[in-house]
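In: How does the following fold in three dimensions:
(one chain, ligands or ions: 2)
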Amino acid sequence: MNALAATNRNFRHAARILGLDSKLEKSLLIPFREIKVECTIPKDDGSLVSYIGFRVQHDNARGPMKGGIRYHPEVEPDEVNALAQLMTWKTAVADIPYGGAKGGIGCNPRDLSQSELERLTRVFTQKIHDLIGTHTDVPAPDMGTNAQTMAWILDEYSKFHGHSPAVVTGKPIDLGGSLGREAATGRGVVFATEALLAEHGKSIKGMTFAIQGFGNVGAWAAKLIHERGGKVIAVSDITGAIRNMNGINIEELLKHKESTGSLKNFEGADKMDPNEVLVHECDVLIPCALGGVLNRDNAADVKAKFIIEAANHPTDPEADEILSKKGVVILPDIYANAGGVTVSYFEWVQNIQGFMWDEDKVNNELQRYMTRAFHNIKGMCQTHDCNLRMGAFTLAVNRVARATLLRGWEA
Ligand SMILES: NC(=O)C1=CN([C@@H]2O[C@H](COP(=O)(O)OP(=O)(O)OC[C@H]3O[C@@H](n4cnc5c(N)ncnc54)[C@H](O)[C@@H]3O)[C@@H](O)[C@H]2O)C=CC1
Ligand SMILES: O=C(O)CCC(=O)C(=O)O
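Out: Residues are numbered from 1 along each chain as shown. Ligands and ions are numbered 1, 2, ... in the order given. Sure, this is the predicted structure:
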């Protein structure tokens with residue numbers, strides 16, 4: 001099922017549980033604004049190449065729209081729409097004063113040089129600068145982008161609007177980025193995992209983990225799980241997959257990845273088929289890469305007892321049904337990966353106040369927000385007798401619906 005159809009289906013299910021008025025339901029579903037721009041840049045060899053950039057601003061009832069920018073060959077309108085909508089629900093679950101947005105450019109960043117990436121980012125910013133802003137829409141990193149990308153956006157945006165550090169989050173620390181933001185999504189995933197496991201009388205120590213994706217989110221989650229005594233037994237990324245049933249030494253793997261750019265030829269583990277990571281024997285599976293990776297073709301073969309959705313929409317609704325019949329407990333994306341946008345919020349607050357927090361404060365506040373959200377979700381699960389995904393969706397949709405009604409409809 002395509003990402004937008006899947007996201008709409010989850011939203012509609014929550015709206016039904018909440019008994020939402022049909023007009024309000026329709027208004028919450030339709031995006032506030034969809035932007036599509038052509039970005040033409042000279043390549044390093046002088047030839048011209050054109051890419052399509054998108055920014056979908058889904059909803060702003062609870063505050064400025066917020067969400068990452070993705071550079072990936074599969075970026076297309078339906079996917080960006082789904083991701084933007086998920087941001088609206090995610091910021092509401094985390095109870096931070098934002099709406100939702102997402103953007104991206106259909107390109108393969110691995111095929112572009114640093115200077116080509118910089119030109120592409122600057123052209124994209126020129127095309128959307130009058131539609132983003134500190135109090136309207138605040139981008140951040142997502143797949144294929146990073147702190148450097150945010151620095152270019154900040155610089156280009158500031159040429160039009162004056163120095164505006166809070167227009168993006170996930171910036172380099174030297175430009176007003178927050179301590180702890182780089183690790184925040186992975187750290188939030190670990191706090192969320194701890195909250196869930198504690199409920200089941202378990203802890204990370206001694207449990208086995210399989211992780212798909214070893215970029216910002218996957219690598220930080222793996223590192224923090226390893227530090228807590230969890231055994232990461234299988235890891236994959238775009239370059240391949242490895243396994244070690246005794247637990248992979250993640251510190252060593254990070255050094256190997258840093259020096260070679262790949263998981264290949266790592267001596268502390270055996271090579272394996274990348275497709276097998278999702279169905280590998282383990283206690284906890286953490287998808288940290290693309291959407292839709294758990295679907296009707298592989299859901300029945302999943303062996304994990306818990307799935308922590310660090311990626312956005314990794315589980316297709318058909319897989320959701322199969323997995324829930326098998327008794328697999330799924331911690332949904334709009335909660336599990338909310339640590340990134342939560343620390344983005346802390347960064348934005350620090351920029352607006354002109355006062356920097358130390359890293360302990362960032363991490364402690366992150367833990368407080370993640371734990372609070374978990375208990376809020378559990379409360380909705382009890383009230384509506386539903387699973388964690390619907391607990392998170394009903395929590396979020398109810399908050400956004402209330403804000404929308406309070407603001408009113410008068411033109
Ligand atoms: N960066 C952030 O703060 C947040 C990211 N997310 C989500 O987490 C996921 C990962 O994002 P990042 O780590 O930031 O991206 P990233 O670009 O840093 O890393 C992506 C990773 O996925 C791997 N990958 C790509 N295609 C793959 C495939 N077919 N099989 C296995 N691995 C593959 C890449 O090799 C890389 O290791 C995405 O779904 C993103 O939307 C969610 C919340 C916040
Ligand atoms: O930090 C942010 O603003 C958004 C991160 C993001 O794109 C996501 O949570 O999917």
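In: Pretty sure Thr315 sits against Ile330.
Out: Yes. If you go by CB atoms under 8 Å, Thr315 and Ile330 touch, sitting 6.4 Å apart. All C-beta spots, glycine's among them, are computed from the backbone N, C-alpha and C.
In: Which one of those two is surrounded by more residues?
Out: The neighbour comparison of Thr315 against Ile330 (other CB atoms under 10 Å) goes to Thr315, with 27 against 23.
In: Let me see the contact set for Val329.
Out: 196, 200, 305-307, 388 (CB atoms under 8 Å, 6 or more residues apart in numbering).
In: so Ile173 makes contact with Gly180?
Out: No. In this structure, Ile173 is not within contact of Gly180 by CB under 8 Å, at 9.9 Å.
In: In strands, which of the contacts of Val329 fall?
Out: Mapping the contacts of Val329 onto strands (DSSP state E) picks out 306-307.
In: Mind giving me the ChimeraX command for buried ones among the contacts of Val329?
Out: Of these, the buried ones can be selected in ChimeraX as follows, counting by 16 or more other CB atoms under 10 Å:
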select :196,305,306,307,388
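In: helix, strand or coil for the closest residue to ligand 2 within the chain?
Out: Across the chain, the shortest distance to ligand 2 (CB to the nearest ligand atom) belongs to Gly68, at 2.5 Å. Here Gly68 is recorded as strand under DSSP: H, G, I helix; E, B strand; the rest coil.
In: Quick check: chain neighbours aside, which residue is closest to it?
Out: Asp142 (2.9 Å; CB to CB, 6 or more residues apart in numbering).
In: can I have stretch 249-256 written out in PDB, keeping just the CAs?
Out: What follows is stretch 249-256, C-alpha atoms only, in PDB (Å, rounded to 0.1, in the frame of the first residue of the first chain):
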ATOM      1  CA  ASN A 249      31.000  -4.500  18.800                       C
ATOM      2  CA  ILE A 250      29.300  -1.300  17.800                       C
ATOM      3  CA  GLU A 251      32.200   1.000  18.800                       C
ATOM      4  CA  GLU A 252      34.400  -1.000  16.400                       C
ATOM      5  CA  LEU A 253      31.700  -1.000  13.700                       C
ATOM      6  CA  LEU A 254      31.400   2.800  13.900                       C
ATOM      7  CA  LYS A 255      35.200   3.100  13.500                       C
ATOM      8  CA  HIS A 256      35.100   0.800  10.500                       C
END
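In: and stretch 156-174 with ligand 2, contact?
Out: Yes. Using CB under 6 Å from any ligand atom, stretch 156-174 reaches ligand 2 at 169-170.
In: Could you list the low-pLDDT ranges of the chain?
Out: Along the chain, segments meeting pLDDT under 70 span 411.
In: try 80
Out: Applying pLDDT under 80 to the chain flags the ranges 409-411.
In: Identify the residues contacting the residue in it positioned nearest to ligand 1.
Out: Nearest to ligand 1, among the residues of the chain, is Gly215, at 1.7 Å (CB to the nearest ligand atom). Counting by CB under 8 Å, 6+ apart, Gly215 makes contact with 143, 237, 288-289.
In: Near ligand 2, which residues of the stretch 51-200 of the chain? Just list them.
Out: Checking the stretch 51-200 of the chain against ligand 2 by CB under 6 Å from any ligand atom, the hits are 66-68, 90, 140, 142, 169-170.
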